[in-house]
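1. Need coordinates for the below:
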Amino acid sequence: MIYDCIVIGSGAAGLTVSFGLKTAGKKILIIERDEPGGECTWNGCIPSKSFISYSKTGIDLKVALEKVREKIFEIARAENSDVIMKKGIDFVKGKAVFISKTEVKVNGEIYSGKNIVIATGSRPYIPKISGLEKVEFLTNENFFKETDNFKSIVMIGGGVISLELSFALKKFGIDVTILELGKRFLPMEDIEVGDFYKEKLSQEGIKLILDCGEIKIEKHGEKTVVKCAEREFETEKLFLSVGRAANLEELDLEKIGIKFDKKGIFVNKYLQTTVKEVYAVGDVVGPYRFSHIAGYHGEIVIRNIIFPYIKKKAEYENISWAIFSNPEFSRVGMSEEEARSKNLRIRVYTLLESENDRSIVSLENQFKLKVICDSKFNILGASCIGERAGEIINLLQLLKSQNLKFYKMVNSVQAYPTYGDSVRKLAKKAYGDYLKEIISFKL
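-> Residues are numbered from 1 along each chain as shown. The predicted model follows:
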C-alpha cells in the first residue's frame with residue numbers, strides 16, 4: 001500500500017497534519033516510537049500548567065504530582081492510538097528509518113508514502129558538566145514522575161521552564177536555587193522584564209545566581225553538591241533545563257540527502273526539506289519550540305500537500321507566547337529593545353496597575369501592558385506582565401496579524417472591567433496622539 005502521507009511522530013504537529021489530511025480524504029499512516037500526544041501532553045504544557053495550578057491549593061508536593069499525572073492521562077485518552085485508528089488513520093508503534101525519499105522502515109516492515117512529514121519533536125539537551133554522570137538528575141521528562149516529597153532543588157538553566165516551575169516549587173515549601181550561565185536573566189526580553197523577575201524571585205526567597213561560571217557536581221551520601229562561582233549548594237534534587245535538542249539521530253536523514261545541523265532540519269518557507277517530498281514541522285524545525293507553533297506548522301503542511309501549486313508560507317512576524325510564571329508574562333512581535341536596535345521611529349504606550357481598573361479590583365499589584373507601534377500606529381510588538389497576560393496578548397496578536405492600527409481598538413466596546421477593556425484603555429492613548437496629528441495637519 002502507498003499512503004498519501006506518512007507522518008513520523010504524533011505530537012501537536014503530527015496529529016494536526018494527520019487529522020487534517022484525513023478529513024480531506026487522504027490515506028494516512030502515523031509512526032510513533034512512544035505514545036501519541038508528544039512533549040506537550042506528557043512532559044510539557046499539560047503537566048507544568050497543572051502543577052502550577054495545584055501549587056496554589058495547599059496540598060503537598062507528592063499529592064500534587066499524583067494529581068498532575070491524572071490530568072496527563074485524562075488529556076492523553078483523547079489522542080491515544082485507539083482514537084487515532086477509529087478516525088481511519090493507520091498507526092504503527094516503532095522507530096522509523098528512511099530507506100528512500102518516499103519509504104521508511106519500521107519494525108522490519110517497509111512503508112511507502114507520496115509525502116512524508118517529520119514531526120519527531122525534541123528532548124532536553126544534556127550538557128557536559130563535571131560529575132554529572134555520577135548523580136541522578138531531573139529534566140521535564142522525568143520530573144512529573146516523581147513520587148516522593150523533597151525539600152530542596154537546584155535548577156541549572158534560567159530559562160522558561162525553570163522560571164515557571166520555581167515559583168510553584170517554592171509554594172510547596174521547597175528551597176529553590178537557579179544557576180544561570182548568562183550574565184542577564186531572560187535575555188530574549190527587554191532588560192526591564194529580566195530585572196522584574198529577578199526581583200520577584202528574590203522576594204519569594206528563590207536564589208538566582210547569574211554568570212555562575214563552570215559548574216561541578218559531586219555526590220555526598222544522599223545529597224548532591226553543586227559547585228560554581230566559589231560557592232556550593234547541597235540539594236536533594238538536581239534539575240537540568242539548558243535547552244532542547246531535536247530528535248533526529250535515528251532517522252538516517254543523511255542517506256536520502258536531507259540537510260540538518262544541531263539546531264534542526266533545514267526547510268524552505270513552505271516547510272519542505274532539501275528533499276521536496278519530505279516536510280518537517282514543529283520542534284525539529286524551530287525557530288520557536290511551542291505547541292502552538294507545531295500546530296501552525298501542521299496547518300501549513302496540510303494546505304501545501306492538498307494544494308501543491310498554491311503553497312502557503314510559514315511566517316513568524318505575528319507569533320505570540322506566554323510564560324506561566326508568577327505573574328504571567330507574554331509577548332508578540334518585537335520587544336522595545338529590538339525595535340530601537342533597528343533605528344525605527346516608534347511610539348511606546350504603557351498601562352500600569354494603577355491605571356488599570358481590573359488590576360485594582362483584582363488586588364493585582366503587578367501589571368504592565370506595553371504596546372510598541374511605528375510612526376503610523378501599526379503594532380510592531382507588545383508585551384504584558386500580570387494576571388491573564390497570556391490571554392491579553394491574544395487580542396493584541398489579532399490586531400497585529402490583521403494589520404489594524406492600534407488606535408482602531410477604541411471602536412471595539414469591551415465589557416468592563418475586563419482585561420480586554422484594559423487594552424482598549426491603552427489604545428485611547430494612541431487615539432489621542434492620532435487626533436493630535438489630524439488636527440495639526442488640518443491647521
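
2. the domain parsing of this protein - what is it?
-> 2-36+80-124+244-306, 132-240, 320-438 (automatic domain parsing).

3. Dump these into JSON lines; add mean pLDDT as well.
-> Formatted as JSON lines, these follow (pLDDT from 0 to 100):
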{"stretch": "domain 2-36+80-124+244-306", "mean pLDDT": "96"}
{"stretch": "domain 132-240", "mean pLDDT": "95"}
{"stretch": "domain 320-438", "mean pLDDT": "95"}
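
4. For residue 42, find the nearest of the ones you listed.
-> domain 2-36+80-124+244-306 (6.8 Å; C-beta to C-beta). Where you see a C-beta, it was placed from the backbone N, CA and C, and this is true even at glycine.

5. Could you work out the end-to-end span of the closest one for me?
-> 17 Å (C-alpha to C-alpha, to the nearest Å).

6. Equivalent analysis for stretch 124-142, please.
-> Across stretch 124-142, first to last residue, C-alpha to C-alpha, it's 11 Å.

7. Compare the domains of the chain and report which one is nearest to residue 53.
-> That would be domain 132-240 among the domains of the chain, by C-beta to C-beta, at 8.7 Å.

8. Any idea how far stretch 359-369 is from the middle of the chain?
-> Distance of stretch 359-369 from the chain centroid (C-alpha atoms, centre = their mean, to the nearest Å) equals 25 Å.

9. Can you tell me what sits against that stretch?
-> Residues outside stretch 359-369 that contact it (C-beta atoms under 8 Å, 6 or more residues apart in numbering) are 196, 200, 327, 350-354, 356, 358, 382-387, 392, 417, 422-423, 426.

10. hmm, try it at 10 Å
-> Stretch 359-369 has contacts (C-beta atoms under 10 Å, 6 or more residues apart in numbering) with 192-193, 196, 200, 326-327, 329-330, 349-356, 358, 382-389, 392-393, 396, 417, 419, 422-423, 425-426.

11. that older thread, okay if I get the domains of the chain as CSV plus mean neighbour count and distance to residue 68?
-> Shown next, in CSV, are these (neighbours: other C-beta atoms under 10 Å; distance: least, C-beta to C-beta, whole Å):
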stretch, mean neighbour count, distance to residue 68
domain 2-36+80-124+244-306, 20, 16
domain 132-240, 17, 6
domain 320-438, 18, 14
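
12. can I get these in CSV with distance to residue 55?
-> Shown next, in CSV, are the domains of the chain (distance: least, C-beta to C-beta, whole Å):
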stretch, distance to residue 55
domain 2-36+80-124+244-306, 21
domain 132-240, 4
domain 320-438, 9
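
13. wait, which of those is closest to residue 72?
-> With C-beta to C-beta as the criterion, residue 72 lies closest to domain 132-240 of these, at 7.2 Å.

14. Kindly check the end-to-end length of the closest one for me.
-> Domain 132-240: ends 10 Å apart by C-alpha to C-alpha.

15. Note down every partner strand of the biggest strand by length in the chain and its orientation.
-> For the chain, the strand with the greatest residue count under DSSP state E is strand 109-118. Paired strands of strand 109-118, with direction, are strand 2-8 (parallel), strand 103-106 (antiparallel), strand 278-280 (parallel) (DSSP bridges).

16. Nearest to residue 39 among those strands would be which one?
-> Residue 39 lies closest to strand 2-8 among these, at 14.8 Å (C-beta to C-beta).

17. now the closest one, how far from the chain's geometric center?
-> For strand 2-8, the distance to the chain centre is 27 Å (C-alpha atoms, centre = their mean).

18. Then stretch 72-82?
-> With C-alpha atoms, centre = their mean, you get 21 Å for stretch 72-82.

19. so how far is the first residue of it from its last?
-> Stretch 72-82 has its terminal residues 17 Å apart, counting by C-alpha to C-alpha.

20. Any buried residues in that stretch, and which?
-> 72, 75, 76, 79, 80, 81 (16 or more other C-beta atoms under 10 Å).

21. contacting residues around that stretch?
-> Taking C-beta under 10 Å, 6+ apart as the rule, stretch 72-82 contacts 10-12, 15, 19, 30, 32, 35-38, 40-43, 45-47, 50, 83, 86, 89, 91-93, 144-145.

22. Report the secondary structure element holding the closest residue in space to residue 44 that isn't next to it in sequence.
-> Excluding the flanking residues, the one nearest residue 44 by C-beta to C-beta, 6 or more residues apart in numbering is residue 140, at 6.4 Å. Using DSSP states H and E, residue 140 maps to neither a helix nor a strand.

23. thinking residue 140 is in contact with residue 46, fair?
-> No. Using C-beta atoms under 10 Å, residue 140 is not in contact with residue 46, being 11.4 Å away.

24. Give the residues shared as contacts by these two.
-> With C-beta under 10 Å, 6+ apart, residue 140 and residue 46 have common neighbours residue 39.

25. Kindly export stretch 203-218 (C-alpha atoms) in CSV.
-> This file holds the C-alpha atoms of stretch 203-218, laid out as CSV (Å, rounded to 0.1, in the frame of the first residue of the first chain):
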residue,chain,number,x,y,z
GLN,A,203,11.1,38.4,47.1
GLU,A,204,9.8,34.8,47.0
GLY,A,205,13.1,33.6,48.6
ILE,A,206,14.3,31.8,45.4
LYS,A,207,18.1,32.1,44.9
LEU,A,208,19.2,33.2,41.4
ILE,A,209,22.9,33.0,40.6
LEU,A,210,23.8,34.7,37.2
ASP,A,211,27.1,34.3,35.4
CYS,A,212,27.7,31.2,37.5
GLY,A,213,30.7,30.1,35.6
GLU,A,214,31.9,26.5,35.4
ILE,A,215,29.7,24.0,37.3
LYS,A,216,30.9,20.9,39.1
ILE,A,217,28.8,18.3,40.7
GLU,A,218,29.7,15.9,43.5
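
26. Centre of the chain to it, how far?
-> The answer for stretch 203-218 is 24 Å, by C-alpha atoms, centre = their mean.

27. now do stretch 145-165
-> 17 Å.

28. Narrow the contacts of stretch 359-369 to those in strands?
-> 329, 330, 349, 350, 351, 352, 382, 383, 384, 385.

29. Of those, which is the nearest to residue 433?
-> residue 349 (8.7 Å).

30. dump the residue contacts of the closest one.
-> 369-373, 377, 382, 406-407, 426-430, 433.

31. Would you mind measuring from it to residue 417?
-> 19 Å (C-beta to C-beta, to the nearest Å).

32. on that earlier part again, which one of the domains of the chain lies closest to residue 61?
-> Among these, if distance is taken as C-beta to C-beta, the winner is domain 132-240, at 4.4 Å.

33. Quick check: nearest residue in space to residue 428, chain neighbours excluded?
-> residue 410 is the one closest to residue 428 (C-beta to C-beta, 6+ apart), at 5.7 Å.
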